[in-house]
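A.B. asks: Take this sequence and fold it.
(one chain, ligands or ions: 1)
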Amino acid sequence: MDRLSNKKVLITGAARGIGEAIAKLFVEEGAIVILTDINDKLGYKTTSNIGGKTEYYHLDVAVEEDWEELSKVIVDKYGHLDVVVNNAGITGFLEAEGPFDPENINMDSWHKVHEINLDGVALGCKYGIKMMKASKSASIINISSRSGVVGIPFATAYASSKAAVRNHTKSVALYCAEQDYSIRCNSIHPGAILTPMWDAMIGTGEERDKSIKGIASDIPLGVMGDPLDVAYAALYLASDESKYVTGIELHVDGGILAGSKATGK
Ligand code: NAP
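C.D. replies: Next comes the predicted model:
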């Protein structure tokens, strides 16, 4: 129960879904967790439900001033951080207008998705490194996606932004090693994890059940994932058990990226 004993952790987009599950598990494992999000009402509620050593702050990952201000508060209060989980991300389907395919892409949606998914992670790494340099054993975990490894024709900006996160993670890992910082950096690639992010795509009631079954039938393990499946992967990368692990990509996708079904020739 103490795999993260007294580690000071910041998680972005932690009001719900995967970020919330990571926050809850990390607290159970002894961490002090700073939850952040743009959805402040839900963020405060989630933080109070989790309880333990938690705090909530507003942080829009795409706004550099937000990172600057929060860094000051954290350094004043805690001295340094040990773990940053760059989790906040959007598909763009609700936040921007389509089309989303490469031939007709609406460039406003392209920029919006990259601003949050890629710039947000770059800022999280930039300010994360500054807040973690004083840690004896620190870890940055970037939540990419299985869509960052393969092409997704009807979510082209999402896929591109997540691919860039995958690559940036490796640059950060090597940079920190070269600078002799005790900071590791790895990416997690979830696929088909049932969170509120899916709500807009799978509908409600019977339609929702049917959609989930349809999605699950294309997953080698035959079910959609649970946010806790990703949280356990993050726990390993946050803990000192992974002290020799940097620059890797960890797939948590029920086998989606393992290859295609043996139905073709
Ligand atoms: P989610 O349920 O939509 O939760 C994401 C949270 O991030 C929400 O609370 C959202 O607030 C917040 N957020 C959005 N924009 C933000 C910003 N600019 N700054 C700070 N917070 C912001 O999503 P999820 O499924 O848990 O996904 C978490 C991460 O996993 C994302 O990076 C996603 O791309 C990645 N991922 C998920 C899956 C999956 O199947 N679920 C698969 C692959 C990768 P609002 O509610 O106000 O928007």
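
A.B. asks: Give me the neighbour count for residue 151.
C.D. replies: Residue 151 sits with 11 neighbouring residues when counted by other Cβ atoms under 10 Å. For glycine as for every other residue, the C-beta is placed from the backbone atoms N, C-alpha and C.

A.B. asks: those helices in the stretch 151-265 of the chain, which residues are they?
C.D. replies: Secondary structure of the stretch 151-265 of the chain (DSSP state H, counting those that start in this stretch): helices located at 156-178, 199-202, 205-217, 227-238.

A.B. asks: Now tell me which of these the model trusts least on average.
C.D. replies: Here those differ in mean pLDDT, and the lowest is helix 199-202 at a mean of 90.

A.B. asks: Run through who's touching that helix.
C.D. replies: Residues outside helix 199-202 that contact it (Cβ atoms under 8 Å, 6 or more residues apart in numbering): 91, 93, 94, 208, 211, 212, 215.

A.B. asks: could you redo the last one with a cut-off of 7 Å?
C.D. replies: 93, 94, 208, 211, 212 (Cβ atoms under 7 Å, 6 or more residues apart in numbering).

A.B. asks: Stretch 228-241 too?
C.D. replies: Stretch 228-241 is contacted from outside by 3-4, 7, 9, 18, 21-22, 25-26, 29, 83, 85, 137, 139, 141, 186, 188, 190, 193, 242, 245, 250, 252, using Cβ under 7 Å, 6+ apart.

A.B. asks: Please pick the buried ones from these.
C.D. replies: Among these, those buried by neighbour count (16 or more other Cβ atoms under 10 Å) are 3-4, 7, 9, 18, 21-22, 25-26, 29, 83, 85, 139, 141, 186, 188, 190, 193, 242, 250, 252.

A.B. asks: residues from this protein in reach of the ligand?
C.D. replies: Within reach of the ligand by Cβ under 6 Å from any ligand atom, the chain has these residues: 12-13, 15-19, 37-39, 59-62, 87-90, 116, 120, 143, 145, 190-193, 195-197.

A.B. asks: Give the PyMOL command for selecting the buried subset of the residues you listed.
C.D. replies: Remark: buried members of the residues of the chain next to the ligand, expressed as a PyMOL selection using 16+ other Cβ under 10 Å:
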select buried, resi 12+13+15+16+17+18+19+37+38+59+60+61+62+87+88+89+90+116+120+143+145+190+191+192+193+195+197
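
A.B. asks: In helices only, show me the residues of the chain next to the ligand.
C.D. replies: Under the assignment DSSP state H, the residues of the chain next to the ligand contribute 17, 18, 19, 120 to helices.

A.B. asks: Just the closest of those to the ligand, please.
C.D. replies: The ligand has its nearest neighbour among those in residue 17, at 2.2 Å by Cβ to the nearest ligand atom.

A.B. asks: Look up how far the ligand lies from residue 83.
C.D. replies: 16 Å (Cβ to the nearest ligand atom, to the nearest Å).

A.B. asks: Not counting its neighbours along the chain, what's nearest that residue?
C.D. replies: residue 9 (4.2 Å; Cβ to Cβ, 6 or more residues apart in numbering).

A.B. asks: quick one: the one you found and residue 35 touch, right?
C.D. replies: No. Counting by Cβ atoms under 7 Å, residue 9 does not reach residue 35; the two are 9.3 Å apart.

A.B. asks: Residue 255 - how many residues pack around it?
C.D. replies: If we define neighbours as other Cβ under 10 Å, then residue 255 has 12 of them.

A.B. asks: can you map out the strands along this protein?
C.D. replies: Along the chain, counting by DSSP state E, strands occupy 8-11, 32-37, 54-58, 83-86, 138-143, 183-190, 249-252.

A.B. asks: Adjacent strands (with direction) for the second one?
C.D. replies: Here strand 32-37 is paired, per DSSP bridges, with strand 8-11 (parallel), strand 54-58 (parallel).
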